[in-house]
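Student: No sequence on hand, only this structure:
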């Protein structure tokens, strides 16, 4: 099968993010795109890897493709084995959010957010979230 090129546009606030991804044949790639024949399911995003004590953290991935219907999101972590109490995950939207306290300083590693439509599964690459006691003011988050 020849190379296919996908262009995904997503408006964030007053800006525009354009992601161009080359798809070749069928199968999975590390960027969260699963393709097979004429159908695709993809998840993209760039989560912030730092959360600051007392500041809100939020990340919601962007999902699309020809099979982006009836979606369920899931999350896994390596360490700790479950999300800390300050951090919540919404399985309908894929949003990871919360506000860490002083006792939450540390590292959450191997975080993988995935999406499935019941037949196809697409994960984001794993990331690590570090909670720090100090930093810039404002909210922490990522871009879809």
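Tutor: Arrived safely, thanks for sending. Values in this document were obtained by computation on a predicted structure and should not be read as measured data.

Student: From residue 68, how far out is residue 40?
Tutor: For residue 40, the distance to residue 68 equals 8 Å [CB to CB, to the nearest Å]. To be clear about C-beta, it is placed using only N, CA and C from the backbone, and glycine gets the same treatment.

Student: So for those two, which sits in the more crowded spot?
Tutor: Here residue 40 and residue 68 are set side by side on neighbour count (other CB atoms under 10 Å), and the busier one is residue 40, at 20 against 17.

Student: That one belongs to a helix?
Tutor: No - when classified by DSSP: H, G, I helix; E, B strand; the rest coil, residue 40 is found to be strand rather than part of a helix.

Student: Find the nearest non-adjacent residue to it, please.
Tutor: Among residues not flanking residue 40 along the chain, residue 65 sits closest, at 3.7 Å (CB to CB, 6 or more residues apart in numbering).

Student: if I pick residue 70, what's in contact with it?
Tutor: Residue 70 is in contact with 117, 118, counting by CB atoms under 8 Å, 6 or more residues apart in numbering.

Student: same thing with residue 54?
Tutor: For residue 54, the contacting residues are 99, 100, 101, taking CB under 8 Å, 6+ apart as the criterion.

Student: cool, and residue 126?
Tutor: By CB under 8 Å, 6+ apart, residue 126 lies in contact with 78, 109, 110, 111, 112.

Student: same check, this time on residue 90
Tutor: With contact taken as CB under 8 Å, 6+ apart, residue 90 is in contact with 73, 97.

Student: who's residue 97 bridged to?
Tutor: Residue 97 has the following beta-bridge partners by DSSP bridges: residue 58, residue 88.

Student: same question but for residue 43, I mixed them up
Tutor: Under the criterion used (DSSP bridges), residue 43 bridges to residue 63.

Student: same deal with residue 52?
Tutor: Residues in a beta bridge with residue 52, per DSSP bridges, are residue 132.

Student: Check residue 116 too.
Tutor: Note on residue 116: beta-bridge partners by DSSP bridges are residue 72, residue 121.

Student: residues near it, how many?
Tutor: When neighbours are counted by other CB under 10 Å, residue 116 registers 18.
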